[in-house]
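Peer 1: Okay, here's the prediction I keep looking at, along with the sequence it came from:
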Amino acid sequence: MGLSVIIVLMLTGLNYTETMIWFAPVGLVALSYTLTVFPYHGGWVRLRDIPYLKVFLIVAAVTYVTCCLPFLYYGLGEVTVGMPAVLGVFSRALFLFGITLPFDIRDLDFDQKTNLKTIPGRVGVKNTKTLSLMLLALFLAIETISHFYYGTSQAVYIALLASGIIAGAFVVRAKPNGSEYYYSFGLEGTMIVQLLLVIVASQCY
């Protein structure tokens, strides 16, 4: 927290105040996620303590940072915000949702001990995996639509398909109390894999 304050002060000194406003929504979510500042049922809780909300917060925050902030940075007047852009945001959210749900599978026992209601706790591990795979399948479907209807790069399209298949393979092997390395470097690392695949594919375009 202290480091964050220092960085904010530095950015303010460098006249990045206007840019920092774009990060305000994510900053508010981050604070509310870790600090008991949100009123709920007559008390004060963290946003992550509200039933079923944790995974949606993570997906919304990362989608905003990786898809929406670039539009704001370059200026909506200079970027064509049409159906391809909308599909891109939706596609990113689906991919993130698909790889984030299994983290609630990992934390299932802990969440049940703390009485935190999550999707795996409600529908079970098997059904949660099925839901994650369905979300990844929708991600692949949207990327297919974007490719064939809006002419995205063939190489980038194949790279995105590969990233979805790789993510699905990690989802299938997810289990409660799984290895931290498996989740943090494997499942979460699929975002980095996707980025690297797209970068390499872009050089082939």
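Peer 2: Structure received. This structure is a prediction, so every number in the text was calculated from the model and none was measured.
Peer 1: From here on, just use CA atoms for contacts and neighbour counts.
Peer 2: Fine.
Peer 1: my read: Ala61 touches Gly27, true?
Peer 2: No - look at Ala61 against Gly27 with C-alpha atoms under 8 Å: they stay out of range, at 9.4 Å.
Peer 1: residues near Met134, how many?
Peer 2: The tally of other residues near Met134 (other C-alpha atoms under 10 Å) stands at 15.
Peer 1: before we move on, back to that, which of Ala61 and Gly27 has more residues huddled nearby?
Peer 2: Ala61 (17 against 14).
Peer 1: Which residue comes closest to that one once chain neighbours are left out?
Peer 2: Nearest residue to Ala61, sequence neighbours excluded (C-alpha to C-alpha, 6 or more residues apart in numbering): Val26, at 5.9 Å.
Peer 1: Which helix or strand contains the one you found?
Peer 2: Using DSSP states H and E, Val26 sits within helix 24-34.
Peer 1: tell me what the helix or strand where Val59 lies is packed against?
Peer 2: Assigning secondary structure by DSSP H and E places Val59 in helix 54-63. Other helices and strands packing on helix 54-63, by 3 or more C-alpha pairs under 8 Å, 6 or more residues apart in numbering; DSSP states H and E, are helix 24-34, helix 83-106.
Peer 1: Put together CSV for the ones you listed, with distance to Val193 and mean pLDDT on each row.
Peer 2: CSV is the format used below for the helices and strands packed on helix 54-63 (distance: least, C-alpha to C-alpha, whole Å; pLDDT from 0 to 100):
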stretch, distance to Val193, mean pLDDT
helix 24-34, 24, 73
helix 83-106, 13, 91
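Peer 1: Those helices: which one's closest to Ile142?
Peer 2: Ile142 lies closest, by C-alpha to C-alpha, to one member of those: helix 83-106, at 6.2 Å.
Peer 1: moving C-terminal of that closest one, what's the next helix or strand?
Peer 2: For helix 83-106, the succeeding helix or strand toward the C-terminus, using DSSP H and E, is helix 108-113.
Peer 1: In the chain, where is pLDDT below threshold?
Peer 2: Residue ranges of the chain with pLDDT under 70: 1-20, 40, 72-81, 205.
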